[in-house]
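Trainee: structure of the sequence below:
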Amino acid sequence: MLERDGVNYLKNVLRMSPGDEILLFNGRDGEWRARILELGRRRAVLEPLEMTRAQDSGPDIDYLFAPLKRARLDYMVQKATELGVRRLRPVLTRRSIADRVNLRRMHANAVEAAEQCGILHIPDVEEPVKLAQLLAKWDERRRIIFCDEAAGQGDPIATLQGLPSVSQQPVALALLIGPEGGFSPAERALLRGKSFVTAIFLGPRIMRADTAAVAALALVNAVVGDWRGG
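Mentor: Model prediction:
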């Protein structure tokens, strides 16, 4: 059975009827071809027919980010989902421009992006946490890639290729993008003082946080994520 939003989507967006077939996924059990048996105003019953794709969890990347205002946060969540992140983790910093996050809306945006792009995995959406608290409780086996505009003119690809975790399969990483105003000096010092944090440089141009997210996730996927061949 589907929830009310799913019923509305089948009836009023896709214009489907009983007897029609559709592809389904729940983020856990792969993709299935199913037939609609009943489709009422608030209730739909579907019959699974066959699995069409096995479940794929994607790369093991946590995406850590300072919350943005509504429209740009929507965009960032959608693009992070398309790029295969495993978890979405809002991080509150001194210069964050938003201190409240609508987790339900984030999840809905992630689901929509997955549906549109044929992605079977929906990233987990976690509660916001302050940066210092996040680092104090961090599992050091998962290295944090810290996008730092003050990292110097280093080659980010060479930096990522030199990580100790690159030879491990699968690679478990986290990518941290700061707020529009950047990290404060104290926050930058805190990050650089952690042995499990690696800073990378994203080039000579200052990017907005949502643009930096796409650029950094593309780099990580290409070097240590699931874009690699083999």
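Trainee: ok, the residue lying closest to Pro67 once chain neighbours are set aside to Gln78 distance?
Mentor: Spatial nearest neighbour of Pro67, excluding adjacent residues (C-beta to C-beta, 6 or more residues apart in numbering): Ala98 at 4.1 Å. C-beta: built from backbone N, CA, C; applies to glycine. According to C-beta to C-beta, to the nearest Å, Ala98 and Gln78 sit 17 Å apart.
Trainee: which phi and psi values does Asn8 adopt?
Mentor: phi -60, psi -40 (degrees, to the nearest 10).
Trainee: distance of it relative to Arg33?
Mentor: 22 Å.
Trainee: kindly report the same for Phe196.
Mentor: 43 Å.
Trainee: try Ala80
Mentor: Counting by C-beta to C-beta, the gap from Ala80 to Arg33 is 28 Å.
Trainee: neighbour-wise, which of those two wins?
Mentor: Legend: neighbour count by other C-beta atoms under 10 Å for Ala80 and Arg33, higher for Ala80 (26 against 15).
Trainee: and that one, what helix or strand is that in?
Mentor: Here Ala80, judged by DSSP states H and E, is contained in helix 70-82.
Trainee: what's the burial count for Trp227?
Mentor: Other residues close to Trp227 by other C-beta under 10 Å number 14.
Trainee: whoops, I mixed them up, Leu88
Mentor: 24.
Trainee: that one should be in a helix, yeah?
Mentor: No. Under DSSP: H, G, I helix; E, B strand; the rest coil, Leu88 falls outside any helix and is assigned strand.
Trainee: so it touches Met76, yeah?
Mentor: No. Taking contacts as C-beta atoms under 8 Å, Leu88 lies outside contact range of Met76: 9.1 Å.
Trainee: is it true that Leu10 touches Leu39?
Mentor: Yes. Contact criterion C-beta under 8 Å: Leu10 and Leu39 qualify, at 6.2 Å.
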